[in-house]
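>>> I would like the atomic coordinates for the input below:
(one chain, ligands or ions: 1)
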Amino acid sequence: MNLLEITLELNEIFSLALVAIFLILVYRWSFTTTAKNSPPSPPKLPIIGNLHQRGLQTHRSLGALSQRHGPLMLLHFGSVPVLVASSAEVAQEIMRTHDLSFSDRPKSLIYDKLFYNQKDVAFSPYGEYWKQVKSICVLNILSNKKVRSFGALREEEVKSMMNEIAICSSSSRVVNLSKMFATLTNDVICRVTLGSKYSSNDHAEDGKTFPELLLEFEELLGRLNIGDFIPWLAWLSRVTGLNAKLDKVAKELDDFLDKVIQEHIDHGSKSTGEDRNEEQRDFVDVLLEIQKGNSLALPLDILSIKALILDMFVAGTGTTYTVLEWAMTEILRHPRIMSKLQNEIRGIVGKKADITEQDLNEMHYLKAVIKETLRLHPPAPLLLPRKSTQDVKINGYDIKANTQVIVNAWQIGRDSKSFNKPEEYDPERFLIHSGIDYKGNDFQLIPFGAGKRICPGIQFAMAINEIALANLVHKFNWALPGEARSDDLDMTESIAITIHREYPLEAVASPYSC
Ligand code: HEM
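Residues are numbered from 1 along each chain as shown. Okay, the predicted model is just below:
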């Protein structure tokens, strides 16, 4: 989101706030309609409700509000009731005890336009279609077996990143780690999904690369569309340009996907025929085969195929590389942790040239570093929004059907009831409590969500992150550029659905020889 767009969004919210203040005077502050047995709510304004309290970094604003109103809060975004969960206990009530009642996703103009009427997995309403497409993705890309089968491909891409770093290092150039991580993740997902890389050299018609298009897409996903919450103000999205921008980016990506699918169809037997073994077939091949086989309860149309391909990139790329970005940021800020990690990895790998998956299993400190990064910097701090499908009671409070639900994983990870000195980056805590994991059973650490809607890409993402981070700290010693000290490292977060660093992470690498 650029400055102009942020200003527009702020203007939009600000004008709405002014209108609302006027109405408050008109109604002589007589606007109180919250039901008796609802969870605690901060006071709301007419029309906009609590929209003005979302802030640009919504996880932080909601976190601060929850400190005042408690871990189960009911807000109103316009006319939409929004339940906010900010403790492990409440998250468990929502995503385990009442999981089925909270497994739906809300509708939104943004998701509709970007994901072919929410035909992807992530934004699809709960139901048979969602079950079918989720299991297609798990079976063909995301299962443990599939993730293991991509091991060689992952290693090749990590090697290619290490070579790039070695080149920078030999010419004393600063390494733009953020860019390297984005390319690595994009290349792995491209090869698995589309069969080849579409990175910095492949330009769409207007000169944008595929990763650039994805970045714009991701930024749009994090935008606020007032019309989703105040339906009679839906026209505002046309005035602010949001509608036009959504159409433009959706069209650009649609053209790109058409091109890729057509290439697969044109290659005919080469791409989809039996002469290619299971390992050689990419996700597009598999989806086209499924479509041709026509054996599904709900047939896959071409829009579903495009939505599923897009999901793998949008749900998988930014989320995965942001973990590497924040992990390297934190260990550059904490030299003691960096050297402890290097000692572990160098001790296990010894004089071998390459790190194997078997080696990774022994790297407990590496895993603790990744867990601690996910705790303090969950890539999707508010997970993805959910919606209740029936009336439910939580902690004695009545929650009505059609209430939107936000689980603040960012705030939950910083709860002093669960973690000692929660603001400190301290991977050791996960050596002591090594049983705490992020797979949806320990509600104090839920960067991937939990329950039926849990992220199916955990293994896929962690396989990339572990091998990449292990190689980075094994093969190089790292320092900040110039005279910068670890305390100087900028920690500003971006404003998007996935929280990256606002400014790229840059560092200087010097080769390590054992
Ligand atoms: C560190 C990396 C990742 C993080 C932190 C992450 C996080 C999340 C979160 C928070 C959700 C929503 C869960 C909920 O509603 O409870 C989600 C859903 C999803 N993720 Fe991930 N994700 C990551 C990587 C991936 C990867 C690599 C893929 C695929 C290549 C992927 C595919 C999906 C899909 C398809 C969904 C939708 C699931 C559903 O609605 O049923 N994710 N992810």
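>>> now the residue of the stretch 301-450 of the chain found nearest the ligand, what's its secondary structure?
Residue of the stretch 301-450 of the chain nearest the ligand, by C-beta to the nearest ligand atom: residue 449 (2.0 Å). In short, each C-beta sits where N, CA and C put it, glycine included. Put simply, residue 449 is coil when judged by DSSP: H, G, I helix; E, B strand; the rest coil.
>>> thought it was touching residue 95?
Yes - counting by C-beta atoms under 8 Å, residue 449 touches residue 95, with 6.8 Å between them.
>>> common neighbours of these two, please.
Contact with both residue 449 and residue 95 is made by residues 407, 440, according to C-beta atoms under 8 Å, 6 or more residues apart in numbering.
>>> which of those two has more neighbours?
residue 95 (25 against 21; other C-beta atoms under 10 Å).
>>> three-state assignment of the residue nearest in space to the middle of the chain?
For the chain, the residue nearest the mean C-alpha position is residue 319 (3.8 Å; C-alpha atoms, centre = their mean). Recorded secondary structure, residue 319: helix (three-state DSSP).
>>> same question for the one 5 residues further on.
Here residue 324 is recorded as helix under three-state DSSP.
>>> quick one: distance of stretch 475-488 to the chain centre.
Distance of stretch 475-488 from the chain centroid (C-alpha atoms, centre = their mean, to the nearest Å) equals 27 Å.
>>> in it, what counts as buried?
Using 16 or more other C-beta atoms under 10 Å as the test for burial, stretch 475-488 gives 475-476, 478, 480.
>>> pretty sure the residue nearest to the centre of the chain sits against residue 378.
No - using C-beta under 8 Å, residue 319 makes no contact with residue 378, being 9.3 Å away.
>>> so after the lowest-mean-pLDDT helix or strand in the chain, what's the next helix or strand?
Sorting the helices and strands of the chain by mean pLDDT, DSSP states H and E puts helix 269-272 at the bottom, at a mean of 49. For helix 269-272, the following helix or strand on the C-terminal side (DSSP states H and E) is helix 283-293.
>>> what's that next one packed up against?
The helices and strands touching helix 283-293, judged by 3 or more C-beta pairs under 8 Å, 6 or more residues apart in numbering; DSSP states H and E, are helix 128-137, helix 177-194, helix 242-266, helix 269-272, helix 302-333.
>>> residue numbers of the protein in contact with the ligand?
121-122, 134, 137, 142, 311-312, 315-316, 319-320, 323, 379-380, 383-384, 447-449, 453-457, 460-461 (C-beta under 6 Å from any ligand atom).
>>> can I have the buried ones of the residues you listed as a ChimeraX selection?
Those of these that count as buried under 16+ other C-beta under 10 Å are selected in ChimeraX with:
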select :121,122,134,137,142,311,312,315,316,319,320,323,379,380,383,384,447,448,449,453,454,455,456,457,460,461
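>>> number of nearby residues for the closest residue in space to residue 404 that isn't next to it in sequence?
Excluding the flanking residues, the one nearest residue 404 by C-beta to C-beta, 6 or more residues apart in numbering is residue 82, at 4.5 Å. Other residues near residue 82 number 24, with proximity taken as other C-beta under 10 Å.
>>> wait, residue 82 sits on residue 74?
Yes - here residue 82 reaches residue 74: they are 7.3 Å apart, a contact under C-beta under 8 Å.
>>> what sits in contact with each of the two?
Shared contacts of residue 82 and residue 74 (C-beta under 8 Å, 6+ apart): residue 403.
>>> tell me where the stretch 51-200 of the chain has helices.
58-69, 88-92, 109-114, 128-137, 144-149, 151-170, 177-194 (DSSP state H, counting those that start in this stretch).
>>> residues touching residue 484, list them.
Contact partners of residue 484, counting by C-beta under 8 Å, 6+ apart, are absent.
>>> what's around the nearest residue to residue 357 once chain neighbours are set aside, how many residues?
Closest residue to residue 357 apart from its sequence neighbours, by C-beta to C-beta, 6+ apart: residue 151 at 6.2 Å. Using other C-beta under 10 Å, residue 151 is surrounded by 13 other residues.
>>> what's next to stretch 425-440, contact-wise?
For stretch 425-440, the surrounding residues in contact (C-beta under 8 Å, 6+ apart) are 95, 330, 333-334, 337, 364-365, 367-369, 371-372, 374, 376, 419-420, 442, 444-451, 454, 458.
>>> and residue 405, that's in a helix?
No - under three-state DSSP, residue 405 sits outside any helix and is assigned strand.
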